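[1] sequence unavailable; structure follows:
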């Protein structure tokens, strides 16, 4: 897998509103691509799994990660849900504190 950008959190957000989510450099108008309210350079907008460049019409995003549609479908089919195939803690473990889940209020 290709090195992926971290999901958007307070630790990864910057005070620069024109910063690319992947490389953290300034995004200028000519190279700007905005998806899901986040800014990217056109060359930085790539699948988290394979590194293939994706366009606004050929991507899917989940939890701040960008995927090409084939990998998004593949990861969903792997476990049949949007948690385990994408590396998240399965919902069933969120209720069981012995399995590493966090308690939810």
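    Everything's here; your move. Computed from a prediction, not measured in an experiment: that's the story for all the values here. Numbering: from 1, shown residues only.

[2] quick one: the helices in the chain?
    In the chain, the segments counted as helices under DSSP state H are 69-79, 91-94.

[3] least reliable of those helices going by mean pLDDT?
    The weakest mean pLDDT among the helices of the chain belongs to helix 91-94, with a mean of 62.

[4] sketch out the low-pLDDT regions of the protein for me.
    Applying pLDDT under 70 to the chain flags residues 1-15, 79-105.

[5] change it to 80
    Low-confidence segments of the chain (pLDDT under 80): 1-16, 63-64, 76-105.

[6] quick one, strands of it?
    Taking DSSP state E, the strands of the chain run over residues 32-35, 38-41, 59-62, 65-68.

[7] quick one: residues in contact with the third one.
    Counting by CB atoms under 8 Å, 6 or more residues apart in numbering, strand 59-62 makes contact with 35, 36, 45, 47, 66, 67, 68, 69, 72, 82, 86, all of which sit outside it. No exception for glycine: its C-beta is placed from N, CA and C like everyone else's.

[8] tell me the one of those residues nearest residue 56?
    residue 35 (6.1 Å; CB to CB).

[9] which non-adjacent residue is nearest that closest one?
    Once flanking residues are discounted, residue 35 sits nearest to residue 56: 6.1 Å by CB to CB, 6 or more residues apart in numbering.

[10] for residue 28, see how far away residue 61 is.
    23 Å (CB to CB, to the nearest Å).

[11] higher neighbour count, these two?
    Using other CB atoms under 10 Å, the more surrounded residue of residue 61 and residue 28 is residue 61, with 14 against 9.

[12] beta-bridge partners for that one, please?
    With DSSP bridges as the criterion, residue 61 is bridged to residue 66.

[13] rewinding a little: any idea which of the contacts of strand 59-62 is closest to residue 24?
    Residue 24 lies nearest to residue 45 out of the contacts of strand 59-62, by CB to CB, at 14.3 Å.
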